[in-house]
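# no sequence for this one, just the structure:
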């Protein structure tokens, strides 16, 4: 009986859904999504919520929900959505893409450009291939690469404070 | 308290603790959310490690096995000219002594992990196996009887980080991964070009080091890159030899660092195309080096006074060529499966030249410079890997084909021959050449199949099972497995453990190394031979030598990681490594050195005109036990200042636990055959028992101050069959790096600032080794014996 109780106790801890405390990259990525959005102007949209959608795998666990529960972006409460396929994305303001296939990413970028959506990803070559913000971690520090032309094409205006700390692509040159 | 009550209490505590921990992660994210973007770009994230995982890089702290990450900033702050010396002052348990008057070993000294052998460490570059040197350490140094990787062939500034896996991993990577794995990650995407020049010297004015490095990066489309590093490294000789009483008290010998020049080149490139990436990396090193043998005084029987009236110091001056290249393609399929196909070619050519010498037996006709021959090793690897994430789980596997080729090239005739002018002093004094009888060309192939399953039972409990089956064309098959478990008890507390088996294939150099000399008895015209015979040589066979078997190992590691905040991490791991059938050279098998040598063996020696013979054999088993402690702390201070502290401690102890049966034909036991006091101390006590590393960096807007405190534990050596203990020593290195302009830095540094030296030998009966004599320090001294040195380094980013 005692053994069973201990195992049950262990499993209770085991099932807890928190992310590993030391995963600073994940925490920073989670934070950057909202912080980037606050420096970007969208064409006026009739939604009363700011929608952030995660496309494909969710590496954050419950961190995004916990972090953005009480936040506001452009004075709107935040709604988080999780999509595994592009068809599930629907209307959204920001799209964080974790797709591994370049063709699938290209399709998502195309969709986002047509619908005025901010795209963010840590995939290599993302900004050059039309994504708007690429997040890199190099030697344990974050770096931001912005495809300004892609943002304009999507109808988004990126604020100077964000552009000044990023590597900005004009056209698709590295 | 009854069991149910205890359970409820435990559950409540666990729940409360976990809730607090979960809140903490969100609190830290909220803290980041409030910071300016510029500050977020300065946050240092946890280091990633790819080693030990086929599913991609993950947080080193979150791994199921202990991994240390050494960053390029740490490497460059040591003030050391090469990777091997840099790791020796940063990684506890990494031992890199600086032997002198040890023939080829002076020029490519060995390194070890956890007090084991140089060939029991696997070295990878970008995850691909790096070849070993062809040099067999054949003198009384740490690593005697082994061939290891020469880390000085890698330019320090081409390296982004070094991952040190402190666990056996042969079940994943194959042979050699017994003491651990060193995975060197070359600088990749997103770097800046950099040029540096360094000048340094010791406090005694010698050991002048001049170093110039150019790292240039070319960005390519799709975040591809071509990174090129070119380096010229000139390390001047140091000399800590004492006076030679037999030569009027003058200092006639060189005992210290070799005079070495390296031309190095490194390439790392990636060219992404869609879901595939073509990659290429390569290393090239051409080294010229010079060090002395023992001095031959004017009256020495090996000298010809007409050539060297005052005696002479033979100079062993090898030319070493070392290169490797890997080309491959990796990609991801539509379903998310990752694949990687690569080919690796590695080569080492260690060519011995001897100058300022003579062949006494040739009389006045002797040349004074010799080509003493070479050893060469080539390795080719074809590798195909795949991995696929299925939910939280990862399945991986692959196939590897490896071909090795080892050669001994004979020297010129004068370098090895026994002429008529002298019966004993044959060949080039200092390093007689390889003879035609020593020349060999041996190769083997190995096929490996391996699989790896990472099973996340829950988000907190992960199991990793790995297995690897290999078939070698020389010794046969090996099957090894590994089971690792990682359990996150709470958000900031992680437990990890692993059990595994491993092996080390006998190196081709151990199986085929042959180095023999000759002399002539005055009453006997037939030359007598002596030296090291390959295990398949008829004489060695007649003396009981057999084909070498692999060394087999078993590993157990238990540890925990505690991270109360993102600024502070502590870890503790205990480990046990058992190794069976360790390969050692025998003692000198002769009728006069082994009193109980069987008449049958004595007859073999006599019939073949052999004075005495040595060959390699599977001889002993050992157990190594130890503990590793780590503490990482970082703090952001006022006005943008930062403090980073890395503290580490390791203690390990190796004991001989088994003695294999000596060959019956010899009539002696293994203790008499191999385990003389020197060899026992070499295995059990020649490496520091413990080590403390305390590296700290204080960064301010205009400067960085780095302090690196090291404690090198006590070690032992042998003098006249008696064990001698050398006490532990502390050293302090410091570097002040000034940012003169946005992209210009000037660093002023000191290594071993307080000029600490290892203990000297005490009073001995030896004519050369002892206090006040020619050799005053032990070859095993873990931080050398140069004393303090200082350097200046100018760096420009562009």
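Alright, I've got the coordinates. Quick caveat: nothing in here was measured; it's all calculated off a predicted structure.
# residues in contact with residue 71?
Defaulting to chain A. Contact analysis of residue A:71 by C-beta atoms under 8 Å, 6 or more residues apart in numbering or on different chains lists A:34, A:78, B:33. In short, each C-beta sits where N, CA and C put it, glycine included.
# think we crossed wires, I meant chain B
A:139, A:140, B:47, B:161.
# strands along chain A, start to end?
According to DSSP state E, chain A carries its strands in the segments A:40-41, A:50-55, A:72-73, A:76-83, A:94-97, A:118-121, A:133-138, A:141-147, A:157-158, A:167-169.
# closest to residue B:180 out of those strands?
strand A:133-138 (25.7 Å; C-beta to C-beta).
# for the closest one, name the packing helices and strands.
For strand A:133-138, the contact count by 3 or more C-beta pairs under 8 Å, 6 or more residues apart in numbering or on different chains; DSSP states H and E identifies helix A:24-38, strand A:118-121, strand A:141-147 as packing neighbours.
# which of the ones you listed sits most buried?
Greatest average neighbour count among those goes to strand A:118-121 (a mean of 25), per mean count of other C-beta atoms under 10 Å in any protein chain shown.
# pLDDT (mean, whole number) over it?
The average pLDDT within strand A:118-121 is 96.
# quick check: bridge partners of the closest residue to residue B:783 other than its chain neighbours?
Distances taken as C-beta to C-beta, 6 or more residues apart in numbering or on different chains place residue B:712 nearest to residue B:783, at 5.4 Å, with adjacent residues excluded. Taking DSSP bridges as the rule, residue B:712 bridges to residue B:691, residue B:729.
# can you list the low-confidence ranges for the stretch 651-798 of chain B?
Within the stretch 651-798 of chain B, not a single segment meets pLDDT under 70.
# quick check: closest non-adjacent residue to the residue in it that chain A sits nearest to.
In the stretch 651-798 of chain B, the residue found nearest to chain A is residue B:699; the distance is 12.8 Å by C-beta to the nearest C-beta. Sequence neighbours aside, residue B:642 is the residue nearest to residue B:699 in space, at 4.5 Å (criterion: C-beta to C-beta, 6+ apart).
# just checking, residue B:540 is part of a strand?
No - with DSSP: H, G, I helix; E, B strand; the rest coil as the criterion, residue B:540 is located in helix rather than a strand.
# partners of the residue positioned nearest the centre of chain A in the sheet?
Nearest to the mean C-alpha position of chain A, counting by C-alpha atoms, centre = their mean, stands residue A:96 at 3.0 Å. Beta bridges link residue A:96 to residue A:54, residue A:120, judged by DSSP bridges.
# that one and chain B, how far apart?
Per C-beta to the nearest C-beta, to the nearest Å, residue A:96 is found 15 Å from chain B.
# min pLDDT across the contacts of residue B:71, which one?
Among the contacts of residue B:71, residue B:47 carries the weakest pLDDT, at 86.
# can I assume that one is in contact with residue B:160?
No - the criterion here is C-beta atoms under 8 Å, and residue B:47 misses it with residue B:160 at 10.6 Å.
# near chain A, which residues of the stretch 451-600 of chain B show up?
Listed as neighbours of chain A in the stretch 451-600 of chain B under the rule C-beta under 8 Å from any C-beta of the partner chain: B:457-461, B:487-492, B:494, B:563, B:565-566, B:569.
# select from those residues the one having the most neighbours.
Neighbour tally across these (other C-beta atoms under 10 Å in any protein chain shown): the maximum, 26 neighbours, falls on residue B:488.
# verify the stated contact: it with residue B:494.
Yes - using C-beta under 8 Å, residue B:488 is in contact with residue B:494, at 5.1 Å.
# quick revisit: which strand residues bridge the residue of the stretch 651-798 of chain B closest to chain A?
For residue B:699, the beta-bridge partners are residue B:642, residue B:704 (DSSP bridges).
# contact partners for it?
Contact analysis of residue B:699 by C-beta under 8 Å, 6+ apart lists B:641, B:642, B:643, B:644.
# count of neighbours near the first one?
Going back to what we said before, that points to residue B:641. For residue B:641, the neighbour count with other C-beta under 10 Å is 12.
# phi and psi next, for the residue lying closest to it once chain neighbours are set aside.
Distances taken as C-beta to C-beta, 6+ apart put residue B:700 closest to residue B:641, at 4.9 Å, once the chain neighbours are dropped. In terms of degrees, to the nearest 10, the main-chain angles of residue B:700 are phi -120, psi 170.
# what of the one 10 residues further on?
The phi and psi torsions at residue B:710 (degrees, to the nearest 10) take the values phi -130, psi 140.
# and for residue B:640?
Taking degrees, to the nearest 10 as the convention, residue B:640 sits at phi 80, psi 10.
# surely it touches residue B:698?
No - between residue B:640 and residue B:698 there is no contact under C-beta under 8 Å: 11.9 Å.
# of those two, which one has the most company?
The residue with more neighbours, out of residue B:640 and residue B:698, is residue B:698; 16 against 12, by other C-beta under 10 Å.
# ok, now which ones touch the residue nearest to the more buried one when sequence neighbours are not counted?
Leaving aside its sequence neighbours, residue B:698 sits nearest to residue B:705 (C-beta to C-beta, 6+ apart; 4.7 Å). Residue B:705 sits next to B:697, B:698, B:734, B:735, B:736, B:737 when contact means C-beta under 8 Å, 6+ apart.
# coming back round to it: neighbours of the residue nearest to residue B:641, how many?
Neighbours of residue B:700 (other C-beta under 10 Å): 13.
# how close does it sit to residue B:71?
Distance from residue B:700 to residue B:71, counting by C-beta to C-beta, to the nearest Å: 19 Å.
# repeat that for residue B:777.
Counting by C-beta to C-beta, the separation of residue B:777 from residue B:71 is 32 Å.
# among the contacts of residue B:71, who's most crowded?
Of those, residue B:161 is surrounded by the most neighbours, 23 neighbours in total, counting by other C-beta under 10 Å.
# need the phi and psi values for that one.
Per-residue torsions, residue B:161: phi -160, psi 160 (degrees, to the nearest 10).
# how deep is the nearest residue to residue B:59 once chain neighbours are set aside tucked in, by neighbour count?
Nearest non-adjacent residue to residue B:59, counting by C-beta to C-beta, 6+ apart: residue B:46, 4.8 Å away. As a burial measure, residue B:46 scores 22 neighbours (other C-beta under 10 Å).
# Provide the secondary structure category for residue B:46.
coil.
# got it, and residue B:122?
When classified by three-state DSSP, residue B:122 comes out as strand.
# measure it to chain A for me?
Applying C-beta to the nearest C-beta, the value for residue B:122 to chain A is 25 Å.
# just for chain A, where's the confidence low?
For chain A, the ranges with pLDDT under 70 are A:1-22, A:171-174.
# hang on, residue B:325 packs against residue B:269?
No - under the criterion of C-beta under 8 Å, residue B:325 is not in contact with residue B:269, lying 11.0 Å apart.
# neighbour count for these two, which is higher?
residue B:269 (19 against 16).
# and the more buried one, helix, strand or coil?
Under three-state DSSP, residue B:269 comes out as strand.
# how far away is it from residue B:191?
Residue B:269 is 12 Å from residue B:191, where distance means C-beta to C-beta.
# try residue B:137
According to C-beta to C-beta, residue B:137 stands 36 Å off from residue B:191.
# which one of these two is surrounded by more residues?
Between residue B:137 and residue B:191, residue B:137 has the larger neighbour count (other C-beta under 10 Å), namely 26 against 20.
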